[in-house]
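Trainee: predicted coordinates and the sequence they were generated for:
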Amino acid sequence: MAAPSSSALRTLSLELKSLQEEPVEGFRVKLVNDDLCTWEVAIFGPPETLYQGGYFKAQMRFPQDYPYSPPSIRFLTKVWHPNVYENGDLCISILHPPVDDPQSGEMPCERWNPTQNVRTILLSVISLLNEPNTYSPANVDASVMYRRWKTSEGKDKEYKNIIRKQVAATKVEAEKDGVVVPTTLEAYCIKTQVKAQESAVDMTDFYDDDYDVDDDDDMSDNGEEYEDDDDSGNGES
């Protein structure tokens, strides 16, 4: 495998530094064995979705000519989802090369371009968790279950029960890693932190409005939204 270009390493170094200094809600990143081309990603399930409270780990691998070619993402945590293959590989338009492929049903503008970065990729992945693309699924069975759940307005609980069980299973890994997974919007959304060296400067007015969320969302973080449904669904992956 060809060594990464100096341009790729420089780009990845800057992106990592940016994410460490200004974290984004919903995920955390770190290097695997100090390798700039291999990142471990921890994705938190968004509140008010089936994935609320989930802790999903994945690995991102970057090509030697990044950002001109897209990285790949493979989930290390078991994820039952229409756009995740059995081996954990994620299928999402933003990570597909920008070629004209009419058979895919994707427009070139939906695919990878060098203006994308780790932030935009992972925010797209978080969005995909709650809103799968079922038109060209990687996991057909999950796609069928998801459609059944949506069209029955939640009455068919097989899909929901599988996700709920997988979310519960991730809590062990979160505890092992010493991570407290946010389960409310207030905890999920990160407020911009003023750097210590700037603390002597009165910049309160500038930062106060950054990433604010409404305080009137009185949400429970004890999972009461997901009542004890019949867990007899046999689609456990």
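Mentor: Good, I have the coordinates.
Trainee: please export the C-alpha coordinates of stretch 70-79 as CSV.
Mentor: Output of stretch 70-79 as CSV, limited to C-alpha atoms (Å, rounded to 0.1, in the frame of the first residue of the first chain):
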residue,chain,number,x,y,z
PRO,A,70,-12.9,9.5,0.3
PRO,A,71,-12.1,7.6,3.4
SER,A,72,-13.9,4.4,4.4
ILE,A,73,-15.9,3.7,7.6
ARG,A,74,-16.4,0.3,9.2
PHE,A,75,-18.4,0.0,12.4
LEU,A,76,-16.7,-2.1,15.1
THR,A,77,-19.9,-2.1,17.2
LYS,A,78,-22.8,-4.3,15.9
VAL,A,79,-25.2,-2.1,14.1
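Trainee: how distant is that stretch from the center of its chain?
Mentor: From the chain centre to the centre of stretch 70-79 is a distance of 10 Å (CA atoms, centre = their mean, to the nearest Å).
Trainee: buried set for that stretch?
Mentor: 70-71, 73, 75, 77, 79 (16 or more other CB atoms under 10 Å). In short, each C-beta sits where N, CA and C put it, glycine included.
Trainee: quick one: secondary structure of the spatially most central residue of the chain?
Mentor: Residue closest to the average C-alpha location in the chain (CA atoms, centre = their mean): residue 126, at 3.6 Å. Of the three states, residue 126 takes helix under DSSP: H, G, I helix; E, B strand; the rest coil.
Trainee: setting aside sequence neighbours, what's the nearest residue to it?
Mentor: residue 26 (4.7 Å; CB to CB, 6 or more residues apart in numbering).
Trainee: residues near the one you found, how many?
Mentor: 20 (other CB atoms under 10 Å).
Trainee: over to residue 124?
Mentor: Neighbours of residue 124 (other CB under 10 Å): 14.
Trainee: contact partners for it?
Mentor: 92, 94 (CB atoms under 8 Å, 6 or more residues apart in numbering).
Trainee: what does the average pLDDT come to for the longest helix along the chain?
Mentor: The longest helix of the chain (DSSP state H) is helix 158-176. Throughout helix 158-176, pLDDT has a mean value of 95.
Trainee: over to stretch 30-38?
Mentor: pLDDT averaged over stretch 30-38 gives 94.
Trainee: end to end on that stretch, go ahead and measure it.
Mentor: 9 Å (CA to CA, to the nearest Å).
Trainee: so what's the gap between that stretch and the chain middle?
Mentor: On CA atoms, centre = their mean, the centre of stretch 30-38 falls 18 Å from the chain's centre.
Trainee: buried ones in the strand ranked longest in the chain?
Mentor: Counting by DSSP state E, the longest strand found in the chain is strand 35-44. Neighbour-count burial for strand 35-44, with 16+ other CB under 10 Å as criterion, is recorded at 36-37, 39, 41-44.
Trainee: so what secondary structure elements neighbour the longest helix of the chain?
Mentor: Where contact means 3 or more CB pairs under 8 Å, 6 or more residues apart in numbering; DSSP states H and E, helix 158-176 is packed against strand 55-61, helix 140-151.
Trainee: pull the most distant pair out of the buried residues of stretch 70-79.
Mentor: 70 and 77 (21.4 Å; CB to CB).
Trainee: could you export the buried residues of stretch 70-79 as JSON lines, including secondary structure, distance to residue 92 and pLDDT?
Mentor: Below are those laid out as JSON lines (DSSP: H, G, I helix; E, B strand; the rest coil; distance: CB to CB, whole Å; pLDDT from 0 to 100):
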{"residue": "70", "secondary structure": "coil", "distance to residue 92": "10", "pLDDT": "94"}
{"residue": "71", "secondary structure": "coil", "distance to residue 92": "11", "pLDDT": "95"}
{"residue": "73", "secondary structure": "strand", "distance to residue 92": "8", "pLDDT": "97"}
{"residue": "75", "secondary structure": "strand", "distance to residue 92": "12", "pLDDT": "97"}
{"residue": "77", "secondary structure": "coil", "distance to residue 92": "17", "pLDDT": "96"}
{"residue": "79", "secondary structure": "coil", "distance to residue 92": "13", "pLDDT": "95"}
